[in-house]
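Novice: sequence unknown, structure follows:
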């Protein structure tokens, strides 16, 4: 009931954003309260917090390039989506079903990359550049291998996976297989 006025003005999208924002605020407040109480090994003292330009610069020097590369992928997908729309409902259905499989594949590769970036950050902090290079190449190899393996798997078994989403439209299945 408390979101009915928001729902009427902004539609379901506004309702979803409101619920997500409320959950995020609750989580942050709970974490902040827990850290301020000092339960456990960590205690947060807000009065002793200071801005650290050097630490902020290091965070931005690594986080900004990652953010830019993360933005480029959806921008490319906008271009692809406009081309797919020209194939009609079957093309859109096939492309969407394939994109679900693609997301599964990219989750594996992306999470390997995330784990590798954690190790790189730890080794940068420990000032061990030889481990940074080794971690980078191991992560690159693991991520590429996982992506290639899943890609081959989906090429070989793609029609079976696509039928989970679009069993009644053979044209959409063909479009999905073409996109794979």
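Specialist: Looks like it arrived, so ask away. The structure displayed is predicted, hence computed values, not measured ones. Numbering: from 1, shown residues only.

Novice: C-alpha only now, for contacts and for neighbours.
Specialist: OK.

Novice: number of nearby residues for residue 121?
Specialist: A count of neighbours around residue 121, defined by other Cα atoms under 10 Å, yields 13.

Novice: quick one: it from residue 137, how far?
Specialist: From residue 121 over to residue 137 the distance is 15 Å, taken as Cα to Cα, to the nearest Å.

Novice: again with residue 164
Specialist: Counting by Cα to Cα, the gap from residue 164 to residue 137 is 36 Å.

Novice: So those two - more neighbours on which side?
Specialist: residue 137 (13 against 9).

Novice: what's that one sitting at in phi/psi?
Specialist: The phi/psi pair for residue 137 (degrees, to the nearest 10) reads phi -70, psi -40.

Novice: Look up how far residue 94 lies from it.
Specialist: Computed with Cα to Cα, the distance linking residue 137 and residue 94 is 35 Å.

Novice: cool, and residue 150?
Specialist: Distance from residue 150 to residue 94, by Cα to Cα: 19 Å.

Novice: Next: residue 42.
Specialist: From residue 42 to residue 94 the distance is 50 Å (Cα to Cα).

Novice: Looking at the two, which is more packed in?
Specialist: residue 94 (27 against 11).

Novice: How about residue 106, nearest residue that isn't a chain neighbour?
Specialist: Leaving aside its sequence neighbours, residue 106 sits nearest to residue 147 (Cα to Cα, 6 or more residues apart in numbering; 7.0 Å).

Novice: To clarify, my last question referred to residue 167.
Specialist: residue 173 (7.8 Å).

Novice: Packing partners of the helix or strand where the one you found lies?
Specialist: Here residue 173 sits within helix 170-179, counting by DSSP states H and E. Using 3 or more Cα pairs under 8 Å, 6 or more residues apart in numbering; DSSP states H and E, the elements in contact with helix 170-179 are helix 88-125, helix 129-163.

Novice: Number of residues surrounding residue 167?
Specialist: The tally of other residues near residue 167 (other Cα under 10 Å) stands at 13.

Novice: Leaving out chain neighbours, which residue sits closest to residue 131?
Specialist: Closest to residue 131 by Cα to Cα, 6+ apart is residue 123, at 6.4 Å.

Novice: Can you give me the separation between the one you found and residue 130?
Specialist: 9 Å.

Novice: Neighbour count: the two, which is higher?
Specialist: When residue 123 and residue 130 are compared for neighbours, residue 123 comes out ahead with 17 against 10, by other Cα under 10 Å.
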